[in-house]
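Visitor: what would the 3D arrangement of this be:
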Amino acid sequence: YAVCAAVQGAMVRSVPLQGGHFMPDLDSVRAAVETAPTESPIKIVFACTPKNHTGGAVPRGELLQHARGLQGRALLVVDEAYVEFSDDGSLAGDVASNENLVVLRTLSKVHGLAAARVGCMIAAPEIVAFLRRIMPPYPVPTPCSDAAERALSPESLQRTRQRVETVMRERDWMRERLSRHPAVREVLPSQANFLCVRFDDAGARFAQLLGAGVVVRALRRQPGLDDALRISIGTSRENDTLLATLNANATCAA
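Guide: Predicted coordinates:
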């Protein structure tokens with residue numbers, strides 16, 4: 001969002017996340033909106049939940065209170081790309097009673113349609129009507145819309161729900177196993193389909209896993225996460241392979 005805003009020449013004001021779990025400081029965000037210069041007011045506030053790259057979720061009640069605190073000043077746009085994996089649920093049902101709340105959803109994650117680039121915005125009719133005036137006439141190619149319709153069919157949704165249940169179960173199991181590993185400093189709470197894990201030597205662990213054909217994401221370029229790897233939750237066999245690789249490395253190191 002910051003990159004898109006900069007391309008459009010819009011002012012961007014960032015408020016750092018706080019604490020070891022990188023939660024948004026909503027009071028500071030609201031203060032930034034309230035103290036913005038009159039000639040360049042802040043009109044849109046973005047929040048992601050569950051968050052990338054840590055997986056933590058902002059409580060729904062806090063976001064709703066935040067939206068009400070921004071009424072008359074700014075839109076609150078909530079990116080829910082990973083919400084299907086969250087216990088807290090979506091804010092989509094709260095849009096009707098919060099006119100400045102905008103919810104973004106995507107088929108890229110839980111439905112596996114990242115290449116199709118299909119998503120939606122849930123917002124007040126006035127906001128939807130405004131965007132319709134400025135969006136291109138054919139924003140979604142026919143093959144992508146066909147793939148989206150198939151993904152949202154009752155049969156596909158049933159299979160997706162089953163996959164989500166498996167991922168959430170494996171996520172909890174992986175969190176418990178990784179938390180007890182001697183090379184792991186901390187496993188951050190996650191409501192997404194991945195775990196953010198702090199290691200004793202993230203660079204060495206990344207290389208060891210890659211050498212065994214296990215690909216994870218290094219987060220050294222993310223502020224405060226230079227010691228962390230982001231581990232996507234795979235199948236039981238894939239998760240077992242990752243743990244076995246780490247356990248073998250730990251045995252060799254000992």
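Visitor: now the helices for the stretch 101-250 of the chain?
Guide: Here the stretch 101-250 of the chain has its helices, by DSSP state H, counting those that start in this stretch, at 125-134, 142-151, 154-179, 202-211, 236-253.
Visitor: would you list those in a markdown table and tack on mean pLDDT?
Guide: Formatted as a markdown table, the helices of the stretch 101-250 of the chain follow (pLDDT from 0 to 100):
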| stretch | mean pLDDT |
| --- | --- |
| helix 125-134 | 93 |
| helix 142-151 | 94 |
| helix 154-179 | 96 |
| helix 202-211 | 96 |
| helix 236-253 | 82 |
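Visitor: out of the ones you listed, which one sits most buried?
Guide: Stretch with highest mean neighbour count among the helices of the stretch 101-250 of the chain: helix 202-211 (a mean of 16; mean count of other C-beta atoms under 10 Å). C-betas here are computed from N, CA, C, even on glycine.
Visitor: pull the CA atoms of it into PDB?
Guide: The C-alpha trace of helix 202-211 is given here as PDB (Å, rounded to 0.1, in the frame of the first residue of the first chain):
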ATOM      1  CA  ALA A 202      18.300 -18.000  11.100                       C
ATOM      2  CA  GLY A 203      20.800 -17.800   8.300                       C
ATOM      3  CA  ALA A 204      22.400 -21.200   9.100                       C
ATOM      4  CA  ARG A 205      19.000 -22.800   9.600                       C
ATOM      5  CA  PHE A 206      17.700 -21.400   6.300                       C
ATOM      6  CA  ALA A 207      20.800 -22.900   4.500                       C
ATOM      7  CA  GLN A 208      20.400 -26.200   6.200                       C
ATOM      8  CA  LEU A 209      16.700 -26.500   5.300                       C
ATOM      9  CA  LEU A 210      17.300 -25.400   1.700                       C
ATOM     10  CA  GLY A 211      20.000 -28.000   1.400                       C
END
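Visitor: distance from that helix to the middle of the chain?
Guide: Its chain's C-alpha centre and that of helix 202-211 lie 24 Å apart, by C-alpha atoms, centre = their mean, to the nearest Å.
Visitor: which strands or helices does that helix pack on?
Guide: Packed against helix 202-211 by the contact rule (3 or more C-beta pairs under 8 Å, 6 or more residues apart in numbering; DSSP states H and E) you find strand 217-218, strand 228-232, helix 236-253.
Visitor: just give me the neighbour total for A81.
Guide: Applying the criterion other C-beta atoms under 10 Å, we find 20 residues in the vicinity of A81.
Visitor: now do the contacts for it.
Guide: Counting by C-beta atoms under 8 Å, 6 or more residues apart in numbering, A81 touches 48, 52, 104-106, 108-109.
Visitor: can we see that at 6 Å?
Guide: 106, 109 (C-beta atoms under 6 Å, 6 or more residues apart in numbering).
Visitor: that one: what secondary structure?
Guide: coil (DSSP: H, G, I helix; E, B strand; the rest coil).
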